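Visitor: Build me a model:
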Amino acid sequence: MSETADSVEWSIDWAPFFLNERLPESGMPLKEYLSRVYGPMYTLGQSRQRLREAGAAVGIKFRSDDNMLLRPTMRSHRLVELAKRQGKQDEMMERIFKMYFEEGGALNSVDDLSKAAEDVGVTGARKFLESDQDEAEVREAAHQYRSIVRGVPFFIIERMDDDDNDDDNDKKASSSSSSSSSSSSSSSSS
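Guide: Residues are numbered from 1 along each chain as shown. As a prediction, this is how the structure comes out:
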């Protein structure tokens, strides 16, 4: 793989994925959510410790907050779409991850998300987040992926040959799930 790494061009197209579309705006305690999904015997202890260790190895300081809340992520996904139009999709995702997993920010907070957007240079975020712009498109995209994505992260790797003029490949590329010249698509539940 390392021999071809320099000759392969990658791009990532972050796609929306909702863990739970029915979360209240006020959020749901993570413990309660996991208990509902995995049963009352599920505990965060070992999982959280493994996550902290794995994160520390790559410079991520996952917070260990027993009061962590899961919140609706529509605004986060919409912000990623705005950032994509400004060429800052990857930076926005990284900042949202840090805001939530390390700093305890709320994924549905206009204030928290506007600050994160400002940090990476995405303009017009507050006004955008206060509207419902792109909500229908984000919801539709999430539903399109729902049939194949069961959890996150999830990667779809596609080969796109720029110099291949075969009509079948052109059709496949134009109808691919990433719908761009990307060679990787990642779903996110930010």
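Visitor: Low-confidence stretches in this protein?
Guide: 1-6, 43-44, 162-190 (pLDDT under 70).
Visitor: Strands of that one, start to end?
Guide: In the chain, the segments counted as strands under DSSP state E are 12-16, 28-29, 69-70, 154-157, 184-188.
Visitor: C-alpha coordinates for stretch 37-44, PDB please?
Guide: Output of stretch 37-44 as PDB, limited to C-alpha atoms (Å, rounded to 0.1, in the frame of the first residue of the first chain):
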ATOM      1  CA  VAL A  37     -30.200   0.400  22.700                       C
ATOM      2  CA  TYR A  38     -28.100  -2.300  24.300                       C
ATOM      3  CA  GLY A  39     -30.000  -3.200  27.400                       C
ATOM      4  CA  PRO A  40     -29.900  -2.200  31.100                       C
ATOM      5  CA  MET A  41     -26.800  -4.200  31.800                       C
ATOM      6  CA  TYR A  42     -24.600  -2.100  29.400                       C
ATOM      7  CA  THR A  43     -22.000   0.000  31.200                       C
ATOM      8  CA  LEU A  44     -19.700   2.700  29.900                       C
END
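Visitor: Show me what counts as buried in it.
Guide: Judged by neighbour count (16 or more other Cβ atoms under 10 Å), stretch 37-44 contains no buried residues. Just so you know, the C-beta spots here come from the backbone N, C-alpha and C atoms, and that holds for glycine as well.
Visitor: All good on my end, thank you.
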